[in-house]
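> Let's see this in three dimensions:
(2 chains)
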Amino acid sequence: MKIIVGMADMKITNDLNATVITYSLGSCIGISIYDPIAKVGGMLHYMLPEAKLDLEKAKQRPYMFADSGIPLLFKKSYELGAKKQRLQVKVAGGSQILDDNGYFNIGKRNYAALRKLFWRNGVMIESEDVGGAVNRTMSLDMRDGTVMLKISGKMEKMI
Amino acid sequence: MNKVDEIFSSIRNLPPFPQVAQRAMRALDDPECTAKDLVDIIEYDQAITANILRICNSAYFGLSVKIGSLHQAISYIGQKNLMTIILATSVLRYYSGHTRGYDLEKGELWSHSVACALLSNILAKKAGKENPQTLFTGGLLHDIGKLVMSAYVEAEFKKISELVQNSRYSFLEAEEEVLGTNHAEVGSRIVELWNFPPEICNCIRYHHKPREAKPDDHLTPIIYLADMCCLFMGIGVGEDGLGYRCYPEVLVQYGLKQKDFDNALKELDSEMAKAEEIIRMA
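This next block holds a predicted model:
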């Protein structure tokens, strides 16, 4: 079964038959988490770095922003029995257009917001594939926590 | 025939632009045209009529009554909105397939085009340059050239991809280098053939090259920005990914700040939710 994570969306599951997938990350960031013991996993697809842009919106759509979405991703996984120290955290997305020196740099800002939060909370990233000018689709196989990336359509790789 | 001529002449293989839409557009420009005249023209095409009613009744307009006829549609949403819908339903038929050369599945180029049309209005408001009708048209049609280019890009994909990955070409430059033209140029020729006004043709031609737009052309830079935003958000983004050039002076030109940009993306999220039914039509 496919569990699709939309833009500004998050899904957590303990269904071993599921594949959690998020399409077309662009400058957005996808975070996949997986606890191999509790067999709990999930994914977040956020668009923008900070909820302070619109706190009202962040209340309705917390998964739109890194700082309102990431804590919820972890919290919901704990509710299903995941433990922080066991979580395999994988990150993808944060692309840029060519020669972008800071005007449109949503991808970089999205990634920086994540690093800041992870550093503060002692979360380690197991593997990542970020930046560049490519488009990524990320999927998490709930049976064993394998995370696959489809990069700009054709190339597939495991992270 | 060389490659470029072959591409340009294959434009004529596209189905012709619906006559109903062309006649309706001309009628709307005529100050003496009545609602009844307009209804008479549109009713001629049942597929378009059905789609117009569907869009009028979708969440996008949020009307409290159910619209059952074109007459009622005009009185509730107005002639200008109606024109936008006629255009959307007319171009919809072109976007119903996949665009394999760009690795876009069925419906993806349509959702990208609708998102770009919606975003161009959001950005134009922030930049103090509103012209919803033309912007919407430009947004819906900016990538129409990909329909024709798809087969050629697919055939030469290795070469194009090589240039993008190893020689720092943008996807547009690689199209030009390998095929002699690009999807923006081809798109502008398509709408020229369909008799769209020059400002629409120009904004399609230069939507990746805003520096080449004329100083009084406010359509091209806004469509450029809206297209970029859709790429950032991964909406209908294919094999070309985000492989296009950045022209930050466009933001500066309109006094737009990073925050305006972020806010536009945030607003797009709600607009896309409202337009979901329209997006699912392709």
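> What is the burial count for A:Asp144?
10 (other CB atoms under 10 Å in any protein chain shown). For the C-beta atoms, the positions are set from N, CA and C on the backbone; glycine is no exception.
> With B:Pro197 instead?
Per other CB under 10 Å, the neighbour tally for B:Pro197 reads 12.
> quick check, stretch B:100-107 touching chain A?
Yes: counting by CB under 8 Å from any CB of the partner chain, chain A has neighbours in stretch B:100-107: B:Asp103.
> buried ones in that stretch?
B:Arg100, B:Gly101, B:Tyr102, B:Asp103, B:Leu104, B:Gly107 (16 or more other CB atoms under 10 Å in any protein chain shown).
> tell me the phi and psi of the fifth one?
Summarising the backbone geometry of B:Leu104 under the convention degrees, to the nearest 10, its torsions are phi -110, psi 130.
> Pop out the phi and psi values for the residue of chain A most remote from its centre.
The outermost residue of chain A, judged against the average C-alpha position, is A:Asp99 (24.9 Å), by CA atoms, centre = their mean. For A:Asp99, the backbone dihedrals (degrees, to the nearest 10) come out as phi 40, psi 40.
> Leaving out the residues flanking it, which one is nearest to it?
Spatially, and ignoring its direct neighbours in sequence, A:Asp99 is nearest to B:Cys246 (5.2 Å; CB to CB, 6 or more residues apart in numbering or on different chains).
> One more: B:Ile74?
Nearest residue to B:Ile74, sequence neighbours excluded (CB to CB, 6+ apart): B:Ala35, at 4.8 Å.
> Model confidence for B:Val252, exactly?
Looking at B:Val252, its pLDDT stands at 84.
> B:Arg100 now?
Reported pLDDT for B:Arg100: 90.
> what's the spacing between it and B:Thr181?
Using CB to CB, to the nearest Å, B:Arg100 is found at 19 Å from B:Thr181.
> quick one on the thing from earlier: hmm, A:Asn105 and the residue nearest to A:Asp99 touching each other?
No: counting by CB atoms under 8 Å, B:Cys246 does not reach A:Asn105; the two are 9.3 Å apart.
> per-residue confidence at the residue farthest from the centre of chain A?
On pLDDT, A:Asp99 comes in at 76.
> likewise the one 3 residues further on?
If you check A:Gly102, the pLDDT there is 74.
> helix/strand/coil for it?
coil (DSSP: H, G, I helix; E, B strand; the rest coil).
> show me what contacts B:Asp45?
If you count contacts by CB atoms under 8 Å, 6 or more residues apart in numbering or on different chains, B:Asp45 has them with B:Pro18, B:Val20.
> Give me the distance between B:Ile11 and B:Thr181.
Relative to B:Thr181, B:Ile11 is positioned 11 Å away (CB to CB).
> And the residue of the stretch 51-200 of chain B that's closest to chain A?
B:Asp103 (3.3 Å; CB to the nearest CB).
> Test my guess that that residue contacts B:Gly241.
No: applying CB under 8 Å, one finds B:Asp103 not in contact with B:Gly241, separated by 9.6 Å.
> what touches both of these two?
The contact lists of B:Asp103 and B:Gly241 share A:Ser152, where a contact means CB under 8 Å, 6+ apart.
> Show me the shaky parts of chain B.
Along chain B, no part satisfies pLDDT under 70.
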